[in-house]
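okay, sequence plus prediction incoming.
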Amino acid sequence: MQAEPVLVAGLIEACRSAIAANTDHLCALDCAIGDGDHGINMQRGWEAVSAEAAALTSLPFPDAVERIGMTLVMNVGGAAGPLYGTLLIEIGRELRARDRTEDFPIVLKKAIDAVARRGRSHAGDKTLLDVLYPVQDALQKCSSLNDIAQQAEFSANLTAAMKAMRGRASYLGDRSIGHVDPGASSCALLTTAICRYLGENHPQ
C-alpha cells in the first residue's frame, strides 16, 4: 500500500496532466454548446490544486480530497467548479466517517447524488452525471480499473446523442444533440487518468 502523501501527489499530477493535455479539446467541445472555456477553467482549477500539492500531501487522505474539492470550487469557473467541488468535498467527508476502503462505492454514490442535487440534474440530462453514475455502477460491480476507464469514455461519448437539459447547452434545445458534453468528457478524462495511475502504481 502506498503512503498517503505519495498517493495524493500522484493523483494530483495525473489529473493535472490529463486536463493540460486536453485543454484545447475540451474548449472545442464547449464552443459547440457552451461558452468555449471549459478546458481553460478546468486547467486553471487543477493548476491551483497542483500549486497546493505540498500542503495537500501533509493531510490525511480524506482531508486532502475535501480540500482539493474546495480549491476547485474557488478556481474553476462556470458550473463545473461547484459540481466537481461538491463531488470531492462529499467524498472526503464520507471517507472520513468510514474506516473500510471497501465502502468506496457507497461513498461515491452518496457524493454523486449530492452533485445531482447541487446541479438539479439527473442521469440523461447530458452532464457529467452521465459518466459518474456508470462509473459508480462499474465500481460497485468490482470491475477492473481498465474496464472502469473504458466505461467512462464510452459513457461520455453517449452524451452526443442526448439533448441538453441543464446549463447553457440547454438553451440550444435539439441543436445540442450531436455534440459530446464537455463536462462529461472532462469527467471521463479524469476518471481514465486516475484509473491509469492506480493501475500502474497501486494494482488491484
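On my side now, so go ahead. Residues are numbered from 1 along each chain as shown.

for Gly92, give me its contacts.
Pro62, Asp63, Ala64, Val65, Glu66, Arg67, Ile68, Gly69 (C-beta atoms under 8 Å, 6 or more residues apart in numbering). No exception for glycine: its C-beta is placed from N, CA and C like everyone else's.

reformat those residues as JSON lines; add distance to Ala32.
Shown next, in JSON lines, are the contacts of Gly92 (distance: C-beta to C-beta, whole Å):
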{"residue": "Pro62", "distance to Ala32": "37"}
{"residue": "Asp63", "distance to Ala32": "38"}
{"residue": "Ala64", "distance to Ala32": "35"}
{"residue": "Val65", "distance to Ala32": "32"}
{"residue": "Glu66", "distance to Ala32": "33"}
{"residue": "Arg67", "distance to Ala32": "33"}
{"residue": "Ile68", "distance to Ala32": "29"}
{"residue": "Gly69", "distance to Ala32": "28"}
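
got the residue ranges for the helices in the protein?
4-21, 23-33, 38-51, 53-56, 61-75, 80-96, 104-119, 129-140, 145-158, 182-201 (DSSP state H).

the ones you listed: which one's closest to Ala169?
In terms of C-beta to C-beta, the element of the helices of the chain nearest to Ala169 is helix 23-33, at 4.0 Å.

how about the closest one: buried residues?
Of the residues in helix 23-33, those buried by neighbour count under the rule 16 or more other C-beta atoms under 10 Å are Thr23, His25, Leu26, Cys27, Leu29, Asp30, Ala32, Ile33.

which single one of the residues you listed is nearest to Val49?
Distance ranking of those against Val49, using C-beta to C-beta, places Thr23 first at 14.9 Å.

hang on, isn't Asp30 packed against Asp37?
Yes - checked against C-beta atoms under 8 Å, the pair Asp30 and Asp37 is within contact range at 6.4 Å.

just put the contacts of Gly92 in a markdown table and tack on pLDDT.
Conversion of the contacts of Gly92 to a markdown table gives the following (pLDDT from 0 to 100):
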| residue | pLDDT |
| --- | --- |
| Pro62 | 94 |
| Asp63 | 95 |
| Ala64 | 96 |
| Val65 | 96 |
| Glu66 | 97 |
| Arg67 | 98 |
| Ile68 | 98 |
| Gly69 | 98 |
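
Leu189: which of these is nearest?
Out of those, the one with the shortest distance to Leu189 is Ile68. That distance is 16.2 Å, counting by C-beta to C-beta.

what is the burial count for that closest one?
When counting by other C-beta atoms under 10 Å, one arrives at 28 neighbours for Ile68.

now swap in Tyr197 and tell me
Burial measure for Tyr197: 20 neighbouring residues, criterion other C-beta under 10 Å.

now swap in Ala138 and tell me
Number of residues near Ala138 (other C-beta under 10 Å) recorded here: 21.

kindly report the same for Ser58.
Ser58 is flanked by 12 other residues according to other C-beta under 10 Å.

ok, it to Ala64 distance?
Plainly put, Ser58 is 8 Å away from Ala64 if you go by C-beta to C-beta, to the nearest Å.

do the same with Ile148
Distance, Ile148 to Ala64, by C-beta to C-beta: 21 Å.

fine by me, thanks again.
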